[in-house]
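In: After the sequence you'll find the predicted model.
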Amino acid sequence: MVKTLVFLLLSFLSCIGFQDNEILSFEYGASTRGLSMKVIIRKDSTFVWDQGKETKMKTSRPDWVLLNQRIAQFDLKKMELLEAPTEERYSDKALSAKLIVTTKSHSYESNEFDHGNSPEEINNIVEVLTLYLPSE
């Protein structure tokens, strides 16, 4: 009886832990003086902002699956430790960009990096998100 209760309790707790790590949204934003753009992708809807103008659309199921597969290969707890490979955003040669991944229990935010030159560890995620942004 005790073994059964312990098993059920552990099963329940592991399910709760898994649900807390469910991805709710992917957000990518890039801006500099006079220019800003952002995309937020949720399971059912995608929002794109370009210079303050918002566009809403249905999320592409293949993109949602691809983003979740790619983020599963990365330890979200390391997001804030990523270092930008270049620093052109400091002199306005590049837009300053950031990636935010939100789960049920936490929001994971990268340090700023140059738009078009993200840290290697998240590059495969950023490349999907930037497909939604307008061409510069």
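Out: Now that the structure is in, tell me what you want to look at. As the structure is a prediction and not an experimental result, all values here were calculated from the model. Numbering: from 1, shown residues only.
In: Report the contact partners of Lys78.
Out: For Lys78, the contacting residues are Glu121, by C-beta atoms under 8 Å, 6 or more residues apart in numbering. In this view, the C-beta of every residue, glycine as well, is placed from N, C-alpha and C.
In: Over to it. Which of the three states is it?
Out: helix (DSSP: H, G, I helix; E, B strand; the rest coil).
In: Also Thr46?
Out: Once three-state DSSP is applied, Thr46 turns out strand.
In: Hmm, it is touching Lys56, no?
Out: Yes: with contact defined as C-beta atoms under 8 Å, Thr46 counts as touching Lys56 (7.2 Å).
In: Can you pick out the residue with more neighbours from those two?
Out: Legend: neighbour count by other C-beta atoms under 10 Å for Thr46 and Lys56, higher for Thr46 (21 against 9).
In: Quick one: the helices in this structure, in order.
Out: 2-20, 61-72, 123-130 (DSSP state H).
In: which residue packs closest to Leu35, ignoring adjacent ones?
Out: Leu95 (6.5 Å; C-beta to C-beta, 6 or more residues apart in numbering).
In: Report the beta-bridge partners for Ile40.
Out: Under the criterion DSSP bridges, Ile40 forms beta bridges with Glu27, Phe47.
In: Burial check on it, number of neighbours?
Out: That count, for Ile40 with other C-beta under 10 Å as the rule, works out to 20.
In: so it sits right up against Phe47, yeah?
Out: Yes: using C-beta under 8 Å, Ile40 is in contact with Phe47, at 4.7 Å.
In: Contacts only, for the closest residue to Leu129 other than its chain neighbours.
Out: Excluding its sequence neighbours, the residue lying closest to Leu129 (C-beta to C-beta, 6+ apart) is Tyr28, at 3.9 Å. Counting by C-beta under 8 Å, 6+ apart, Tyr28 touches 38-39, 97-100, 126, 129-130, 133.
In: please redo it, this time with the cut-off set to 6 Å
Out: 39, 99, 129 (C-beta atoms under 6 Å, 6 or more residues apart in numbering).
In: Next: Tyr132.
Out: Here Tyr132 is in contact with 39, 48 (C-beta under 6 Å, 6+ apart).
In: Recalculate using a threshold of 7 Å.
Out: Residues near Tyr132 by C-beta atoms under 7 Å, 6 or more residues apart in numbering: 39, 46, 48.
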